Structure formats: C-alpha cells, structure tokens
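Undergrad: Give the three-dimensional model of this entry:
(one chain, ligands or ions: 1)
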Amino acid sequence: MKPIIIIGSGMAGISVAREYRKLDSDTPIMIVTNDEGGFYAKPNLSNAFAQQKLAAQLKSQSASQLAEQLKLNVLQHTKLIAIDSERQSITTSIGSFEYHRLVLALGAEAIKLPIAGNAQDQILSINHLDDYAKFREQLGAVVDKNGKARIAILGAGLIGCEFADDLIGAGFEVHLIDPSPLPLAALLPEPISTQLQIALESQGVHMHLGTTAAHIDSINNRFQLQLQNGETIESDIVLSAIGLRPQTQIARQCAPQAIAVDRGIVVNRFGETSVKNIFALGDCAQYLLNHDGTSAVLPYIAPILTAARAIAKTLLGDPSEIEIQASPVIVKTPSCPIALIAPSVAERNSGNWSYELSPEQIHISRFHNSAGKLRGFAITPQDAKLRTALTKEIST
Ligand SMILES: Cc1cc2nc3c(=O)[nH]c(=O)nc-3n(C[C@H](O)[C@H](O)[C@H](O)COP(=O)(O)OP(=O)(O)OC[C@H]3O[C@@H](n4cnc5c(N)ncnc54)[C@H](O)[C@@H]3O)c2cc1C
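TA: Sure, this is the predicted structure:
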C-alpha cells in the first residue's frame, strides 16, 4: 500500500500524523523533512533565553521516538524537490517515492530584505530550532567577560518584540528597529501598542521607531547599522524579525498542473489544494475563513490543530471541514503581557477601535465592524476571564 506522505516535521506535519494515528494505526505514513525531525514547540523559541534553555532542551521528542510512537517513517534531512501529481509521486534529495495522499506542511521562510552593506549574509533570523541553536552559538562567541552583548533586532512585530523582551530579560543590551511609529503596530491599536512601548523601554530596550536600517556593515567582528534617521548603532549580532513568507515554490512547480497559490498554498474547506489528493496546512497554507469565500494565511498554532484534526479525517475518507474559530494570540512579552484577536484584513478599514481602562487597571481595546459587531480586541495585562469573554462574544 502506498503511504500517506507528509512533507515537513513542524507543528503542522506532526499534528496531522498524530491526529491520523488516532483514527487508523495501519496505513503507512512517511514524514519527509528537511531538518532533523522530532518535535519541539516553536513558540518556546522566543522565550527560551530568559529560561536559559539550550536548543536541545526545547526538543521534546526525537525523530526516532516519534517514528516509534506513531508507527511511521521519518526521512530526516531530506528535501522535497518536485511533485508529479499524475503519477502521484515526489522527487526528493534521496530518491523518488509514490504517495496515496500527499500533505504539504512546508512552513514559511524568513523574509530577507536586501540591505546595503557587506553584512547581508551575517544577519540571523529565528524560525526553526536550528536557527535558535545557531543564534545561541554566535551569541556565545561574541559575549564579553561579563556575558554581555549588544543585539540589534530588525522588526518590532510579534517575534521581534518577544525576542526583545526575552533577551533584555536575559541581560543583553537590545536595540529594536522598526519603520512603524509603535511596536506591533500591524496587530495592535495605538493605546495597547503604547503600553508595550512603555514596558519595553522601562526594561531598557532601546526603541528606534519610524526608521529602518539603511546600511549594515560588518567591521572587525562587530556590526555597524546606519539608520534612515541618521542614527548609527553598533551591535554584536543583528537579528532580523521582519516577517515570514509561506513556502509555495514547490506547489507552483507541481507537474503537470501547478497547485493554486495566492499568498499561501490555497486550500478548500477540507484542506485539499487545487490538485486532487494533495493537502496543505500550517504556515504554508491559505485557509478559507468563512462561507463568503475570504481566505487568509494564519501563521499560528490554533489553526494548525484545527486543520490537522479535519484533514486527518478527510484523509481517511470521512470528509471534514476545517472550521477556523476566532482564537486569541497571547503575545509572550512578560513585561507587557497582551492577548489579542486582530480584525480580519477585509474588515480592518471598515470598523473602529475603542479604548478604555477598566477599574481593574486593564487596558482594553475593542474593534467593532461597521455593523457594530465585535470583531477584534487587545488587552493588557492579559486576563484569562476577560479574554475568554471577549473571544466568546466574537465567536457568537
Ligand atoms: C519565535 C516564534 C514564536 C512563535 N510564537 C507563537 C505563539 O506564541 N503562538 C502561536 O500560535 N504561534 C506562534 N508562532 C507561530 C507558530 O509557531 C507557527 O505557526 C507554527 O510552528 C508553524 O508550523 P509549521 O509546521 O506550519 O511550519 P514549520 O515549523 O516551519 O515546519 C516546516 C517544516 O517543513 C520542512 N520543509 C520545508 N521545506 C521543505 C522541503 N522542501 N522538503 C522537506 N521538508 C521541508 C521544514 O524542515 C520543517 O520541518 C511563533 C513562531 C515563531 C517563529
């Protein structure tokens, strides 16, 4: 019997395998992954420093433990190169394999902006456990005798802010650079962004907002960053956190018929791509959000778990819809813990944010759409009871 082949051993690939095995213990499953395989929770990467965790300590299951537990094969360090949907086969760096069903859980790649200067190749980003290991190794090589180093972070989005708070908590000097006037401006309304800015600055993070790095040079093992606003910063490490781009290239090149791709690999309500028997989920996928046909890339854990459950059933012949629920994102910035649900891109320009400071001193912003319905919120400090109540209101 030909196997179900899953490409990728991130949260998405492993979740589908786990969900499928709950339903069927016999069908062969093969995971093909470009990395070491095994399981780790990626969200831990951005708060691992303060907890003094090494990369190896973040991995909770090795590839062989996973293979044994789920009765499957893991092809480690094996790259998917091409898909032939007519023959139902894939070509990888170690050979070709036929599939019964194919699941693409390829994740996303860190966006690299072309920045002038000679340091482009030395700018780090952290989207995988290996990246985190490399970051720690390089940081270890540049810390002074007191264990201190200066780190410049490009991008004050979710990941940039979380790393800034984590690294300052671990005793490093941190410079956070972003073209927006406030941190996390793409997701948060102004009053909550302002709270985040105040909190990060009070921890000692140097904020360089409303500007970008125009030129980065590596000089005598240090970096010199020239910002658009004329400032110059020296740092020991430059970390880029400017965003992720879904991995879609292999889907576009699928033969004889390309898999439909928009921002991510487009899937229908069942997680199936435009090509029969090929499914996608996780950071590489673009999900249908509701019955009016809007869709979005949702690079978070909650949609992965929902999609994995539905796809597992569908793979087994019980077509099940992926019902994406409104789910709050918890921003892991301990100096300013935030919970939020961002309004959809479609509604963002046709509604309004309001703000209040509750008697319990919780900063609350609510987003109502043009019909007056609650469609988003942001609260800090994040309060479980309030977060649950607001999420419920959005979902009803
Ligand atoms: C620092 C950080 C903190 C985060 N914090 C949160 C949080 O608090 N809450 C939350 O909800 N989300 C968070 N996220 C997002 C969340 O972790 C991701 O949405 C999720 O882990 C993505 O899983 P994935 O399996 O889709 O992708 P990935 O984990 O990127 O896995 C992709 C897999 O595909 C493999 N692959 C890629 N190309 C090929 C190829 N050609 N051949 C073979 N294999 C290939 C890779 O090796 C990898 O195994 C965070 C993300 C980051 C980076």
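
Undergrad: Quick check, pLDDT for residue 146.
TA: Residue 146 is assigned 89 on the pLDDT scale.

Undergrad: what's the neighbour count on it?
TA: Look at residue 146: counted by other C-beta atoms under 10 Å, it has 7 neighbours. To be clear about C-beta, it is placed using only N, CA and C from the backbone, and glycine gets the same treatment.

Undergrad: Pull the contacting residues for it.
TA: Shown in contact with residue 146 (C-beta atoms under 8 Å, 6 or more residues apart in numbering): no residues.

Undergrad: Now do residue 94 against the ligand, distance only.
TA: Going from residue 94 to the ligand by C-beta to the nearest ligand atom, to the nearest Å gives 11 Å.

Undergrad: Residue 56 now?
TA: Distance from residue 56 to the ligand, by C-beta to the nearest ligand atom: 17 Å.

Undergrad: quick one: pLDDT of that residue?
TA: We have a pLDDT of 93 for residue 56.

Undergrad: Wait, residue 131 touches residue 125, no?
TA: Yes: look at residue 131 against residue 125 with C-beta atoms under 8 Å: they come within range, at 6.4 Å.

Undergrad: Going by neighbour count, which residues of the strand or helix carrying residue 161 are buried?
TA: Counting by DSSP states H and E, the element that carries residue 161 is helix 158-169. Buried residues in helix 158-169, counted by 16 or more other C-beta atoms under 10 Å: 158, 159, 160, 161, 162, 163, 164, 165, 166, 167, 168, 169.

Undergrad: Can that helix be said to contact the ligand?
TA: Yes: for helix 158-169 and the ligand, the contact criterion (C-beta under 6 Å from any ligand atom) is met by residue 159.

Undergrad: what's in contact with that helix?
TA: Contacting residues not belonging to helix 158-169 are listed as 46-50, 126, 151, 153-154, 156, 174, 176, 178, 183-184, 187, 196, 200, 203-205, 239, 241-242, 329, 331-336 [C-beta under 8 Å, 6+ apart].

Undergrad: And the average pLDDT for it is what?
TA: Averaging pLDDT along helix 158-169 yields 97.

Undergrad: how about low-confidence regions in the stretch 101-250 of the chain?
TA: By pLDDT under 70, the stretch 101-250 of the chain contains no weakly predicted segment.

Undergrad: How about the residue nearest in space to the middle of the chain: what's its closest non-neighbour residue?
TA: Nearest to the mean C-alpha position of the chain, by C-alpha atoms, centre = their mean, lies residue 299 at 4.8 Å. Excluding the flanking residues, the one nearest residue 299 by C-beta to C-beta, 6 or more residues apart in numbering is residue 283, at 4.7 Å.

Undergrad: And residue 243, by the same measure?
TA: Per C-beta to C-beta, 6+ apart, closest to residue 243 is residue 111, 4.7 Å.

Undergrad: Equivalent analysis for residue 315, please.
TA: Residue 315 sits nearest to residue 101 (C-beta to C-beta, 6+ apart), 5.3 Å away.

Undergrad: mind listing what that neighbour touches?
TA: Neighbouring residues of residue 101 by C-beta under 8 Å, 6+ apart: 4, 5, 277, 278, 279, 315.
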